[in-house]
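*Asks:* show me how the following folds:
(one chain, ligands or ions: 2)
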Amino acid sequence: MKKPNTQPALHKVIMVGSGGVGKSALTLQFMYDEFVEDYEPTKADSYRKRVVLDGEEVQIDILDTAGQEDYAAIRDNYFRSGEGFLCVFSITEDDSFQATQEFRDQILRVKNDENIPFLLVGNKSDLDEKRKVSVFESCSRAATWGVPYVETSAKTRSNVDKVFYDLMREIRSRKIEDNKPGNSRGKDKSKRKKLKCVIL
Ligand SMILES: Nc1nc2c(ncn2[C@@H]2O[C@H](COP(=O)(O)OP(=O)(O)OP(=O)(O)O)[C@@H](O)[C@H]2O)c(=O)[nH]1
Ligand SMILES: [Mg+2]
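*Replies:* Ligands and ions are numbered 1, 2, ... in the order given. The predicted structure follows:
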């Protein structure tokens, strides 16, 4: 029988997306159960927390990046260390939705892996009356990429745990697949699960 691991598994998550979309607010809501009203642009902050994922104790490491980071080389470095990505835009700002394509492209270039654990996250769902990006548009983009789409609110905490836990599950199954002998680095699309769009 295998000896149990003493150190819990560590899953490395990177928050990406334009400035002001709520990457830090989502991270702080997940970490500390609080909503920060003030907007203070991030440089780069990292967080670590022990959580229970489907009965197993694991650690999540969150790197909260700067939406306003001008240097692609710096972003490349952050992205390289990530095992999974929450690609965030605000449903109230079309530019931030358009920008997700660039983030996706940059991540795929750096990781060179089309099946990298990844969720498209439409944040600020509490501001539905100011919505500029339709659910249809967002789901379509996510489907093109082959990733799930989830709407969150860092303010009301709607789906906040969901996006972090779903991403950790993807990272975990990816690691299990990678450790199988003779694996094809998860690139076999026929094994892919059904995709979902979760709005509420
Ligand atoms: N109503 C509402 N406001 C939000 C939500 N998430 C974030 N905000 C607000 O939006 C502003 C920007 O949020 P941040 O989390 O700092 O944005 P960010 O993506 O980390 O921005 P950078 O660090 O510059 O990349 C803040 O004033 C937040 O209070 C949300 O779900 N609903
Ligand atoms: Mg921030």
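*Asks:* show me what contacts Ile199?
*Replies:* Contacts for Ile199 (Cβ atoms under 8 Å, 6 or more residues apart in numbering) come out as Ser125, Val135, Val150, Glu151. C-beta coordinates here come from the backbone N, C-alpha and C atoms, glycine included.
*Asks:* buried among these? Need that as a selection in PyMOL.
*Replies:* Buried members of these, identified by 16 or more other Cβ atoms under 10 Å, are gathered into one PyMOL selection as follows:
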select buried, resi 125+150+151
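*Asks:* need the contacts of Ile199 in JSON lines with secondary structure, can you?
*Replies:* Converted to JSON lines, the contacts of Ile199 look like this (DSSP: H, G, I helix; E, B strand; the rest coil):
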{"residue": "Ser125", "secondary structure": "helix"}
{"residue": "Val135", "secondary structure": "helix"}
{"residue": "Val150", "secondary structure": "strand"}
{"residue": "Glu151", "secondary structure": "strand"}
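*Asks:* all strands of this protein, in order?
*Replies:* Taking DSSP state E as the criterion, the chain contains strands spanning 9-16, 44-53, 56-65, 84-90, 118-123, 149-151, 197-198.
*Asks:* would you single out the least confident of the ones you listed?
*Replies:* Least confidently modelled of the strands of the chain is strand 197-198, at a mean of 83 by mean pLDDT.
*Asks:* for that strand, packing partners?
*Replies:* Contacts defined by 3 or more Cβ pairs under 8 Å, 6 or more residues apart in numbering; DSSP states H and E place strand 197-198 against helix 135-145, strand 149-151.
*Asks:* which residues of the chain lie near ligand 1?
*Replies:* Neighbours of ligand 1 within the chain, by Cβ under 6 Å from any ligand atom: 17, 19-25, 36-39, 41-42, 66-68, 123-124, 126-127, 153-155.
*Asks:* in the contacts of Ile199, find the pair that's most separated.
*Replies:* With Cβ to Cβ as the measure, no two of the contacts of Ile199 lie farther apart than Val135 and Val150, at 11.0 Å.
*Asks:* need the overlap of contacts for those two.
*Replies:* Gly122, Cys197, Ile199.
*Asks:* ligand 1 versus the last one, what's the distance?
*Replies:* When Cβ to the nearest ligand atom, to the nearest Å is applied, the distance between Ile199 and ligand 1 equals 14 Å.
*Asks:* okay, and for this structure, where does confidence drop off?
*Replies:* Scanning the chain for pLDDT under 70 picks out 1-5, 183-194.
*Asks:* which among the contacts of Ile199 gets closest to Asn112?
*Replies:* For the contacts of Ile199, the nearest to Asn112 is Val150 (25.3 Å; Cβ to Cβ).
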